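> My questions concern the predicted model and sequence given below.
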Amino acid sequence: MLRAGGWPSRQFLRALNNLGVALKNKGDVDARRGVVRPGPERRSGQCLRALQSLRTQDLSRRRSGSGNSWRVWRPGLTVSRRRSRSQIHFALGKALDDTGDYARAFEHTLKANALRRAQLDYDERVLASTTKRIAEVFEAGVFDRLAGEGDPSPVPIFVLGMPRSGSTLIEQILASHPQVQAGGELIGFDKIIQSRPGRRGEPIAYPDYVPEMDGEALRDFARRYLASLPALSDAESHIVDKNTLNFLNVGIIRLALPKAKIVHTLRDPVDTCLSCFVKFFPTGISFTYDLGELGRFYRAYHD
């Protein structure tokens with residue numbers, strides 16, 4: 001797990017961060033600080049960002065100079081990878097925002113997002129085309145024709161909406177019930193529905209195949225999704241899937257799993273988009289690193 005010279009490998013740092021995320025999800029924040037604290041062997045953008053996400057800087061300490069985390073953590077940080085530089089700018093933006101230096105905080109946030117956006121292959125025209133097609137496909141006639149044809153399982157609870165709109169809080173509230181398990185951001189449903197064979201065996205992309213679906217196809221989707229879920233304990237009868245981007249799949253969810261509960265999280269649009277813009281998403285989300293793209297994505301979601 002170590003590179004030449006005793007420095008930890010990327011896999012080791014990623015494992016540390018994942019352990020920290022698990023501890024945070026359990027509510028053991030103090031233990032997570034010990035895992036991700038950037039000592040001499042853990043000076044990486046990922047560990048720095050993970051630690052910064054746990055603490056709010058004290059404005060009084062900033063005045064005396066002792067709370068300037070961006071000064072404390074700078075020595076020894078050698079950053080060459082664009083991804084790591086992006087994460088460090090996100091962390092600096094958070095630290096400066098906590099201490100009330102909003103202008104400099106936003107400068108670092110802009111730099112962080114620009115670096116991250118340059119890494120990603122995201123074409124918002126594809127999303128615009130997909131959302132338009134979803135609205136066309138899922139018209140009332142489809143729901144009338146396929147009503148009640150899906151799997152009657154009540155096990156999943158889908159929490160969906162925009163990222164940073166309160167889905168984690170809702171999941172924690174639901175999972176406080178002894179019969180509900182917190183499943184996290186599951187990707188099983190999204191993977192299953194990406195495409196299905198047409199009449200000639202050719203793959204047809206979602207949602208274009210929906211008008212040709214029948215009850216058996218819906219139940220097949222449902223069975224495959226249910227089989228992909230983590231196992232429940234004897235006391236549990238429901239699991240929360242808080243993949244927020246399932247809002248794009250809500251039509252097929254309603255058809256394939258008509259008894260599943262769907263919780264739509266809503267937050268003020270500006271608060272939601274700002275919270276997205278100051279956040280580094282390791283995977284799965286590519287539309288939050290440019291203010292124009294983020295705003296247009298929100299409009300597509302809202303419409």
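Nice, thanks for sending it over. Given the structure is predicted, the values throughout are model-derived calculations rather than measurements. Residues are numbered from 1 along each chain as shown.
> Let me know the pLDDT of G45.
At G45 the predicted local distance difference test score is 56.
> no no, G251
The per-residue pLDDT reported for G251 equals 97.
> Within the helices and strands, which one has E171?
Element membership of E171 [criterion: DSSP states H and E] is helix 167-175.
> Tell me how many other residues crowd the spatially closest residue to Y206 that is not a sequence neighbour.
Closest residue in space to Y206, ignoring its immediate chain neighbours: I193 at 5.0 Å, by CB to CB, 6 or more residues apart in numbering. (Glycine included, C-beta is placed from N, CA and C.) The local packing of I193 (other CB atoms under 10 Å) involves 21 other residues.
> How about the contacts made by I193?
Contact partners of I193, counting by CB atoms under 8 Å, 6 or more residues apart in numbering, are 206, 221, 249, 252.
> For L127, see how far away R299 is.
Counting by CB to CB, to the nearest Å, the separation of R299 from L127 is 11 Å.
> which of the two has more neighbours?
When R299 is set against L127 and neighbours are counted by other CB under 10 Å, the residue ahead is L127, at 18 against 12.
> would you say that one is within a helix?
Yes: the assignment for L127 is a helix, going by DSSP: H, G, I helix; E, B strand; the rest coil.
> Quick check: the residue nearest to it when sequence neighbours are not counted vs A128, distance?
Once flanking residues are discounted, L127 sits nearest to A300: 6.3 Å by CB to CB, 6+ apart. For A300, the distance to A128 equals 6 Å [CB to CB].
> which one of those two has more residues nearby?
When neighbours are counted by other CB under 10 Å, A300 comes out ahead of the other of A300 and A128, with 18 against 14.
> For that one, grab phi and psi.
Backbone torsions of A300, given as degrees, to the nearest 10, read phi -60, psi -40.
> And V155, by the same measure?
On the backbone of V155 - angles per degrees, to the nearest 10 - the values are phi -60, psi -50.
> Show me how the record splits the protein into domains.
Per automatic domain parsing, the domain ranges recorded for the chain read 10-119, 124-302.
> measure the last one end to end?
The reference is to domain 124-302. For domain 124-302, the first and last residues are 15 Å from each other (CA to CA, to the nearest Å).
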